[in-house]
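Asker: coords please:
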Amino acid sequence: MKGFVVAEEGHIVNILPPVDITGGKQSQAFSMANYQHATIILQVGVSAAAPTAILLQCGTATAAVGADVAGATALAFNMYKQEIAGANNDVLGAPVAETTSGETAPSANDGIFYVIELDANALPDGKPWVQLKVTNGSNSVIASAVAILSGARFAERQSPTVTA
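Answerer: Take a look at the predicted model:
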């Protein structure tokens, strides 16, 4: 086999199952304590208007969907955008260095996605838990997100949970 098997060489976390993010939503937090890198893919299906911001935060303990991670600290991150609806919707733009304020001008287009890249060494000491946060007003936006962790400290064919 050529390439890599994501399910065996990485760890996939369904951090935000498809949901209406009206009013904003925090994802399931995940730990990067045993991983070197995280790729987060945020997909927007249908949106009445653009979300107000896409943020990343870290903390000291896990949190379920809808709750802030303990000791939340905003993170800077790199983001690749695919904001064109329709044809060629698989081509990402150049990386954008987002500050701790996050992406404050997401697109209102349907069927788009964002890829966030984060190295574990960017996390402050004692804060290995990472969480995606999308703020939104009263407009209906259907979104979902998955995190793909790589560079396992202790690689296993079936990796243990990173959410508990």
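Asker: hey, where'd the helices end up in this structure?
Answerer: Along the chain, the stretches classed as helices by DSSP state H are 6-9.
Asker: low-scoring stretches of it, by residue?
Answerer: Where the chain drops to pLDDT under 70, the residues are 1, 87.
Asker: what do you get if the cut-off is 80, keeping everything else the same?
Answerer: Across the chain, the ranges flagged by pLDDT under 80 are 1-2, 86-88, 154-158.
Asker: middle-most residue in it, spatially?
Answerer: Central residue of the chain (C-alpha atoms, centre = their mean): Ile40, 3.5 Å from the mean position.
Asker: check contacts around His37.
Answerer: By C-beta atoms under 8 Å, 6 or more residues apart in numbering, the contact set of His37 is Glu117, Leu118, Asp119, Ala120, Leu149, Ser150, Gly151. Where you see a C-beta, it was placed from the backbone N, CA and C, and this is true even at glycine.
Asker: quick check, nearest of these to Tyr35?
Answerer: Among the contacts of His37, Leu149 lies closest to Tyr35 (C-beta to C-beta), at 4.1 Å.
Asker: So what's the residue count around that closest one?
Answerer: Leu149 is flanked by 24 other residues according to other C-beta atoms under 10 Å.
Asker: What residues does the nearest residue to Ile12 once chain neighbours are set aside make contact with?
Answerer: Counting by C-beta to C-beta, 6 or more residues apart in numbering, Ile148 is the residue found nearest to Ile12 once chain neighbours are left out, at 5.6 Å. Contacts for Ile148 (C-beta under 8 Å, 6+ apart) come out as Val6, Gly10, His11, Ile12, Val13, Ala38, Thr39, Ile40, Ile41.
Asker: and of these, the nearest to Gly126?
Answerer: Distance to Gly126 across those (C-beta to C-beta) is lowest for Ala38, with 17.5 Å.
Asker: if we can go back for a sec, distance of the residue nearest to the centre of the chain relative to Ile148?
Answerer: To Ile148, Ile40 is 8 Å away according to C-beta to C-beta, to the nearest Å.
Asker: Over to Val65?
Answerer: 18 Å.
Asker: Please apply the same query to Ser27.
Answerer: 14 Å.
Asker: Likewise for Gly59?
Answerer: Taken as C-beta to C-beta, the span from Gly59 to Ile148 is 20 Å.
Asker: repeat for Glu98
Answerer: For Glu98, the distance to Ile148 - C-beta to C-beta - is 19 Å.
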